[in-house]
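Attaching a predicted model along with its sequence, questions to come.
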Amino acid sequence: MTHDPKEILLVTGMSGAGKSTVLRTLEDLGWEVVDNLPLLLLDRLLSAPLPEGFDRSARPLALGIGTRTRDFDSDRIVDRIKHLRQTYGHDIGTLFLDCAGGELERRYSETRRRHPIALDRPAADGIARERELLAPLRQWANRLIDTTDLTANQLAQQVRDTFSRDHQDGPTLSVMSFGFARGVPRNADLVFDMRFLRNPHWVPALRPGTGLDADVSAYVAEDPAYAEAVGRIEDLLLLLLPRYRAEGKSYLTVAFGCTGGRHRSVHVTERVAGRLRDAGFSPTVAHRDLAAAPQDSLEGVPDDQHQDGTNSA
């Protein structure tokens, strides 16, 4: 019985958080996928002979594990991962899919499916119990995706960005903008607040535009604090990113926020992404709230607003 070193990804997390979507996407990327494999059969799977001409290194293995898996036990799974790493040299990662309880309840209500560990009780009971059972795996996981605000297509795209074989030399880097008034992104690793910059929303001619427009960008860039602050943020990221790579971090999201998520954060996101590309990184860019309609009620009224609708900052 042999155990050649192999790249393995355990895909686990909350029921309803998107495990099936992740496994289908990995299979499309060329991974070998096995779902709900009992832990006691793992050695047999890893030692099974390969078909003739099969290149093991070219096809990593993804294992779907959840509370429905026979003999499921989070602590035993963590111990087994440690054993496989130390004894056979397998490169084993763990992807944990999380999701807010309210969103999971909504999904179960829409699909009319019963929660797998609360067949005769409300879904909320099963969600709470499952979160307890999975706590050791969540703590152990080296990758986390929160799917609360993601569609199935968005989740699949994030998996493709993260696990495509073209993205193995460093962390998959995402730079995004958002509006604090609509909530901080759950997946953000680094969050920078751009609300210290003057706000184009209060300039009537600029309000309908976005940070993608030249006039809005110019207005933001003219803030006296802009050049030094954004330059320092860029320098910080260029310092940190190689260190994240050295630590083996696979996915990194840098988020820039302003009040509404349409002007300042959008412009800064585009500028920083450009600087990172110039430095040899390949960030993907997303503007979460770009399509949202401007709302005075979200922006508030600045104390230093002039009668002509501009700020003195």
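Looks like it came in fine. Residues are numbered from 1 along each chain as shown.

R198: what secondary structure?
Following DSSP: H, G, I helix; E, B strand; the rest coil, the label given to R198 is coil.

doesn't Y219 make contact with it?
Yes - the criterion here is CB atoms under 8 Å, and R198 meets it with Y219 at 7.4 Å. Heads up, the C-betas are built off the backbone N, CA and C, glycines and all.

tally of neighbours for the residue lying closest to D213 once chain neighbours are set aside?
In space, D213 comes closest to L206 once its chain neighbours are excluded; the distance is 7.9 Å by CB to CB, 6 or more residues apart in numbering. Neighbour count for L206, taken as other CB atoms under 10 Å: 21.

Now for the nearest residue to F180 once chain neighbours are set aside, how many residues are close by?
Leaving aside its chain neighbours, F180 sits nearest to G257 (4.9 Å; criterion: CB to CB, 6+ apart). Applying other CB under 10 Å, we find 28 other residues in the vicinity of G257.

need the strands for the stretch 151-300 of the chain, in chain order.
Applying DSSP state E, counting those that start in this stretch to the stretch 151-300 of the chain gives strands spanning 172-179, 190-193, 251-258, 284-287.

I'd like those strands as JSON lines, with mean pLDDT and distance to A152 appended.
Formatted as JSON lines, the strands of the stretch 151-300 of the chain follow (pLDDT from 0 to 100; distance: least, CB to CB, whole Å):
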{"stretch": "strand 172-179", "mean pLDDT": "90", "distance to A152": "18"}
{"stretch": "strand 190-193", "mean pLDDT": "96", "distance to A152": "26"}
{"stretch": "strand 251-258", "mean pLDDT": "92", "distance to A152": "18"}
{"stretch": "strand 284-287", "mean pLDDT": "90", "distance to A152": "17"}
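
Dump those strands to JSON lines, plus distance to K82.
Formatted as JSON lines, the entries for those read as follows, by distance: least, CB to CB, whole Å:
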{"stretch": "strand 172-179", "distance to K82": "26"}
{"stretch": "strand 190-193", "distance to K82": "29"}
{"stretch": "strand 251-258", "distance to K82": "22"}
{"stretch": "strand 284-287", "distance to K82": "33"}
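
now for those strands, which one comes closest to R80?
Of all those, the one in closest proximity to R80, counting by CB to CB, is strand 251-258 (23.9 Å).

Report the backbone C-alpha coordinates of the closest one in PDB.
Extracted in PDB, the C-alpha atoms of strand 251-258 (Å, rounded to 0.1, in the frame of the first residue of the first chain):
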ATOM      1  CA  TYR A 251      -6.700  34.200  -0.900                       C
ATOM      2  CA  LEU A 252      -6.500  37.800   0.100                       C
ATOM      3  CA  THR A 253      -9.200  40.500  -0.300                       C
ATOM      4  CA  VAL A 254      -8.300  44.200   0.200                       C
ATOM      5  CA  ALA A 255     -11.400  46.400   0.600                       C
ATOM      6  CA  PHE A 256     -11.700  50.200   0.300                       C
ATOM      7  CA  GLY A 257     -14.800  51.700   1.800                       C
ATOM      8  CA  CYS A 258     -16.500  55.100   1.700                       C
END
